[in-house]
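Colleague: pasting the sequence and the predicted coordinates here, then a few questions.
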Amino acid sequence: MSEGGPEVSEEDAAGMRKLHLDEAQWARVLNDDAPTRNEPAISADVTTQWGYAVLLEGNAPHGEWRWYERALDTAVQMAQPAPAMTHVELLIPPSNPEDDMHFATYLGRAAQWGRARTGNKQFYLDPNGNANSWRAVPIFGQDAARRLRAECDEAERAKTPYGSAGRLFNYPFSVPPGRMAAWMLDDEVGSPAHCASLTARCLRRALPELQLPRPSAWYGPSTLYLELARASRMAAYKRSLDAAATVKATVEQERAVAGVEALLRGSDDHVAALGDEECQMGIHMLTVRAVEASVDGDPDKERRAQQQLARALLRWSLLNHSAKGAEEATPETEGVPAKGMFR
């Protein structure tokens, strides 16, 4: 064998040559330290390291919206950079059956978990409504899910209100030139916030290592998307994934692919029947794809990957996890119309 490679006997060397591998190939086989190119490891608890921003991409206002909802939606889209987003919320993977997954604030309502609202399935998954307009951006951090959940719990306990109508719901502070004064707004827990500023506040407090460069009130849905989906941020996530990579068994790969297929294209009953591990494996594979698509720099590929990730997350939450405890434990009693401005 070549100098510096593992020591083998003459008899073993003769046997190796019969297998038609050259010395460099055998050195890689025998050397435990040789690098191996593979996909990131998948484990049952891998989603504890991830949270997600789920965003609604702007399109034509729904025909059944009230006039002021249509006007506000149009203003939000026109005042923001592309891609125009009109709503953002956090989706946090659960660690217990009773954990809710959606946290947000909506027009005229306090920030809260999604368990107490009616119309969720229709709002998120209606093919004639918003189903094809959701995008999801992964957010990586050590113990991210637990830390984000704790921060959201605190915001809910504080009954964080939406911005007041007298200040136009704080929207002027999220677009130029008003956002120059965004630093002046109170950013403590419980301070009024619209969907993007609430999401930014929770991320800033729970995961300071994200280093969001602007005050929470500065962000609208589009500018928060652009910050969270920055190519340099995704490249850092990919380096973390690559550093944690281990060899993955074929059976794990197959289960992950099956989870992806079920979450994206399976029937509602099929999704509801998935086990927790299958859901997590599928979500992790789609998360990796979304990160890699962002790093590749192809906007169309990135958009498709984010749309697929969002669809899988929403179907996991609403068709699978909610049926296992989150919504059963807390009945939907405080409704938000499924067709209306859900900000």
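Modeller: Structure received.
Colleague: quick one: the strands in the protein?
Modeller: For the chain, the strands defined by DSSP state E occupy 50-57, 85-91, 102-104, 112-113, 134-140.
Colleague: what bridges to the most centrally placed residue in the chain?
Modeller: By Cα atoms, centre = their mean, the chain has its centre lying nearest to residue 52, at 2.3 Å. Under DSSP bridges, the beta-bridge partners of residue 52 are residue 91, residue 138.
Colleague: re earlier: possible to save the strands of the chain as JSON lines with mean pLDDT?
Modeller: Shown next, in JSON lines, are the strands of the chain (pLDDT from 0 to 100):
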{"stretch": "strand 50-57", "mean pLDDT": "96"}
{"stretch": "strand 85-91", "mean pLDDT": "94"}
{"stretch": "strand 102-104", "mean pLDDT": "94"}
{"stretch": "strand 112-113", "mean pLDDT": "93"}
{"stretch": "strand 134-140", "mean pLDDT": "97"}
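Colleague: surely residue 113 meets residue 105?
Modeller: No. Counting by Cβ atoms under 8 Å, residue 113 stays clear of residue 105, with 11.1 Å between them. Placement of C-beta: from N, CA and C, glycine included.
Colleague: give me the more crowded residue out of those two.
Modeller: Comparing residue 113 with residue 105 by other Cβ atoms under 10 Å, the one with more neighbours is residue 105, at 26 against 21.
Colleague: now residue 235. Nearest residue, chain neighbours left out?
Modeller: Distances taken as Cβ to Cβ, 6 or more residues apart in numbering place residue 295 nearest to residue 235, at 5.3 Å, with adjacent residues excluded.
Colleague: and the gap between that neighbour and residue 179?
Modeller: 29 Å (Cβ to Cβ, to the nearest Å).
Colleague: just residue 149 next, same as before
Modeller: Distance, residue 149 to residue 179, by Cβ to Cβ: 29 Å.
Colleague: same thing with residue 124?
Modeller: Per Cβ to Cβ, residue 124 is found 29 Å from residue 179.
Colleague: on that earlier part again, the more surrounded of residue 149 and residue 179?
Modeller: Counted by other Cβ under 10 Å, residue 149 and residue 179 do not tie: residue 149 has more neighbours, with 23 against 18.
Colleague: contact partners for that one?
Modeller: 92, 95, 99 (Cβ atoms under 8 Å, 6 or more residues apart in numbering).
Colleague: surely the second one and residue 49 touch.
Modeller: Translated: residue 95. No. Proximity of residue 95 to residue 49 does not meet the contact threshold set by Cβ under 8 Å, at 12.0 Å.
Colleague: so which of those two has more stuff around it?
Modeller: More crowded of residue 95 and residue 49, by other Cβ under 10 Å: residue 49, with 20 against 13.
Colleague: for the spatially closest residue to that one that is not a sequence neighbour, give me the pLDDT.
Modeller: Nearest residue to residue 49, sequence neighbours excluded (Cβ to Cβ, 6+ apart): residue 144, at 5.7 Å. pLDDT for residue 144: 95.
Colleague: what about residue 144, how many residues nearby?
Modeller: As a burial measure, residue 144 scores 24 neighbours (other Cβ under 10 Å).
Colleague: same check on residue 238?
Modeller: 17.
Colleague: tell me the contacts of it?
Modeller: Contact partners of residue 238, counting by Cβ under 8 Å, 6+ apart, are 291-292, 295.
Colleague: for it, give me the pLDDT.
Modeller: The model's pLDDT for residue 238 equals 94.
Colleague: likewise for the one 3 residues further on?
Modeller: Confidence at residue 241, expressed as pLDDT, is 89.
Colleague: that one against residue 291, yeah?
Modeller: Yes. The criterion here is Cβ under 8 Å, and residue 241 meets it with residue 291 at 6.7 Å.
Colleague: neighbour-wise, which of these two wins?
Modeller: residue 291 (26 against 19).
Colleague: tell me who's in contact with that one.
Modeller: Listed by Cβ under 8 Å, 6+ apart, the contact partners of residue 291 are 138, 234, 237-238, 241.
Colleague: could you list which of these belong to helices?
Modeller: Among the contacts of residue 291, the members falling in helices are 234, 237-238, 241 (criterion: DSSP state H).
Colleague: let's have those in JSON lines, adding distance to residue 167.
Modeller: Putting those into JSON lines (distance: Cβ to Cβ, whole Å) gives the following:
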{"residue": "234", "distance to residue 167": "34"}
{"residue": "237", "distance to residue 167": "36"}
{"residue": "238", "distance to residue 167": "40"}
{"residue": "241", "distance to residue 167": "42"}
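Colleague: I appreciate the help and will end here.
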